[in-house]
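Novice: need a structure here:
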Amino acid sequence: MKKRIHTTVLLCALLISAAACNRQEPDSATMPDNPAAAEVLLKQLPEKVDYPINATIGGSILYYGFDLSPEKIERGKDFTMTSYFKVLEDVKEDYRFFGHFETLGKPFSRHRLDHWLTGNRYPSGKWKKGQIIKDVFTGQIPKGFPGTRAVLYSGLFKNDLRLEVKEKDKADAENRVRAAEFKLEPVSIETLKYSIYKAGEKITIDGKLDETAWMQAASTGFFTDIYGDRTVNPTTEAKMLYDNNNLYVAVMLKDDDVWGNFTKRDDPLYREEALEIMIDADGNGATYYELQVSPANVIYDAYFPFRRKDRNLEWDSKLISAVTVQGTLNKRDDTDEGWTLEVAIPLSSIEDAGRNPPAPGDGWRLNFYRMEHPKRGGVTASMWTPTLVGDFHTLDRFGTVIFEEKTVAERPTGETAKGEIKNNVGGSPMRAAPREAGNSAPADAKGSPAEKQSN
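Specialist: Now for the predicted structure:
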């Protein structure tokens, strides 16, 4: 009886062992130490993929290719990209996947599809030789992405270093795998328009915005990203007025860390935090003016006789500006609310305009931009009318401002004629900055000829 039991037990053990072999369990050397990572590990590479690549990256990873769902990429709609990798040698670093979705032809634009491999469920630093990895990423191409043809470049990177691609015929000089080309439907995104009314009263440049005219003026709406798809935080919005002498601009900028280190006129404010105004008054797409003001009320002004060429910093805009800070300037360890900018641009300084002062119905092309450097690092750009490309000097994407005959007090409530506020992202009423000194005291107005000579 005992012999029969032992025989039965031995037979069962053999059967269990055989069953285990039939299940083809992975070798212990290839098993991840994170059970949640099991869903990204495959037993073998798929026989076919939508976009085969077969590029060796960093000497240790084979980028086999990827599948795309749905098959056609449409702007503003989600798509899922499933990439497959084979580990050729143990990987010791945690890498990120980069995807550069770029236009083929002009205008150039790039949309990034960067992400952590496997969503960090199984970081690449734990990948072992022989493993097959599946990376699933869901993304979207902005509605305003220009052009009808695009190319996807991809690869792996850590910090500022891209991993080298072994097969040079499959990559460009920047170690980017040319993964696929796509056709897109034509897109048309209108530039924005804004009706500028006469102030009807004296505007004092003090950064307070407490004149009735500012209360009555319409907002541009919140500034957006380059495609106009989303409001950029912290938010920014502007208003405009004019009289026979000046174009007035008021901008309210939310910001939890208001700072600015530059102190001299025409310092490169665009490298820090700044509000920028570019004006192509005659709309010729060539000559234009660039004006910038920092939270410290430092001014930068330049004239360009050609797009991005022969910048003239000797040009004097005679701009007058004032800033109030809702918080504390250059105190980096506290939390601020924002800053308010008020500007007077002499109409006579804009010599390319057809008439000075403008006649009712005249239009100028211009755009607003904001450079923001948040505490967490990096840089954020926003703008009034979307450029669709990563270049502020895209003159044909400037918005249009129309000079109206009436005063702002006569402006019809909720007027949308001439596309005054076509920006559907929204905006909020701009409130006057507080009069109290304290932490909201205005910086001294700058820009008069006498003060310019001392800067």
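Novice: my guess is residue 61 contacts residue 84, does it?
Specialist: No. Residue 61 is beyond contact range of residue 84, at 10.8 Å (criterion: Cβ atoms under 8 Å). Bear in mind the C-beta positions are built from the backbone N, C-alpha and C, glycine included.
Novice: who has more neighbours, those two?
Specialist: residue 61 (23 against 20; other Cβ atoms under 10 Å).
Novice: what's the closest residue to the more buried one other than its chain neighbours in contact with, if anything?
Specialist: Spatially, and ignoring its direct neighbours in sequence, residue 61 is nearest to residue 85 (5.4 Å; Cβ to Cβ, 6 or more residues apart in numbering). By Cβ atoms under 8 Å, 6 or more residues apart in numbering, the contact set of residue 85 is 61-64, 132-133, 135.
Novice: cutoff 7 Å now
Specialist: 61-64, 133, 135 (Cβ atoms under 7 Å, 6 or more residues apart in numbering).
Novice: outside of whichever strand or helix holds residue 133, which residues touch it?
Specialist: Here residue 133, judged by DSSP states H and E, is contained in strand 132-140. Strand 132-140 has contacts (Cβ under 7 Å, 6+ apart) with 40-45, 76-87, 97, 113, 115, 117-118, 127.
Novice: what's the mean pLDDT across it?
Specialist: The average of the pLDDT scores along strand 132-140 is 96.
Novice: for it, list the C-alpha coordinates in CSV.
Specialist: What follows is strand 132-140 as a C-alpha-only set of coordinates in CSV (Å, rounded to 0.1, in the frame of the first residue of the first chain):
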residue,chain,number,x,y,z
ILE,A,132,10.6,41.8,-24.8
ILE,A,133,9.0,45.1,-23.6
LYS,A,134,5.8,46.7,-24.7
ASP,A,135,5.3,50.4,-24.2
VAL,A,136,1.8,51.9,-24.6
PHE,A,137,1.4,55.6,-24.9
THR,A,138,-1.8,57.6,-25.7
GLY,A,139,-1.3,61.1,-27.1
GLN,A,140,-2.9,63.7,-29.3
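Novice: what is the distance between that strand and the centre of its chain?
Specialist: 23 Å (Cα atoms, centre = their mean, to the nearest Å).
Novice: domain map for this protein?
Specialist: 35-183, 193-454 (automatic domain parsing).
Novice: give me the neighbour count for residue 71.
Specialist: By other Cβ under 10 Å, the burial measure for residue 71, its neighbour count, is 8.
Novice: filter the contacts of residue 85 to the buried ones?
Specialist: By neighbour count, with 16 or more other Cβ atoms under 10 Å, the contacts of residue 85 hold 61-64, 133, 135 as buried.
Novice: now the two most distant members of those.
Specialist: Maximum pairwise distance in the buried ones among the contacts of residue 85, criterion Cβ to Cβ, is 13.0 Å, between 62 and 135.
Novice: show me the shaky parts of the stretch 301-450 of the chain.
Specialist: 414-450 (pLDDT under 70).
Novice: mind running it again at 80?
Specialist: For the stretch 301-450 of the chain, residues meeting the criterion pLDDT under 80 lie at 413-450.
Novice: again with the stretch 1-150 of the chain
Specialist: 1-36, 106-107.
Novice: for it, which segments count as helices?
Specialist: 2-22 (DSSP state H, counting those that start in this stretch).
Novice: what's the closest non-adjacent residue to residue 184?
Specialist: In space, residue 184 is closest to residue 148, 5.2 Å off (Cβ to Cβ, 6+ apart).
Novice: swap in residue 57?
Specialist: That would be residue 163: by Cβ to Cβ, 6+ apart, it lies 4.9 Å from residue 57.
Novice: quick one: contacts for the residue nearest to residue 184?
Specialist: Counting by Cβ under 7 Å, 6+ apart, residue 148 has contacts 183-184, 186.
Novice: out of the residues you listed, which one has the lowest pLDDT?
Specialist: Lowest confidence among the contacts of residue 148: residue 186, with 86.
Novice: backbone phi and psi for the nearest residue to that residue once chain neighbours are set aside, please?
Specialist: Nearest in space to residue 186, with sequence neighbours left out and distances taken as Cβ to Cβ, 6+ apart, is residue 148 at 5.6 Å. As for residue 148, its main-chain torsions (degrees, to the nearest 10) stand at phi -120, psi -10.
Novice: just checking, residue 237 touches residue 219?
Specialist: Yes. The criterion here is Cβ atoms under 7 Å, and residue 237 meets it with residue 219 at 4.9 Å.
Novice: higher neighbour count, the two?
Specialist: Higher neighbour count among residue 237 and residue 219: residue 237, with 24 against 19, using other Cβ under 10 Å.
Novice: now that one. Its backbone dihedrals?
Specialist: Torsion angles, degrees, to the nearest 10, at residue 237: phi -150, psi 160.
Novice: and it, how close does it get to residue 258?
Specialist: 17 Å (Cβ to Cβ, to the nearest Å).
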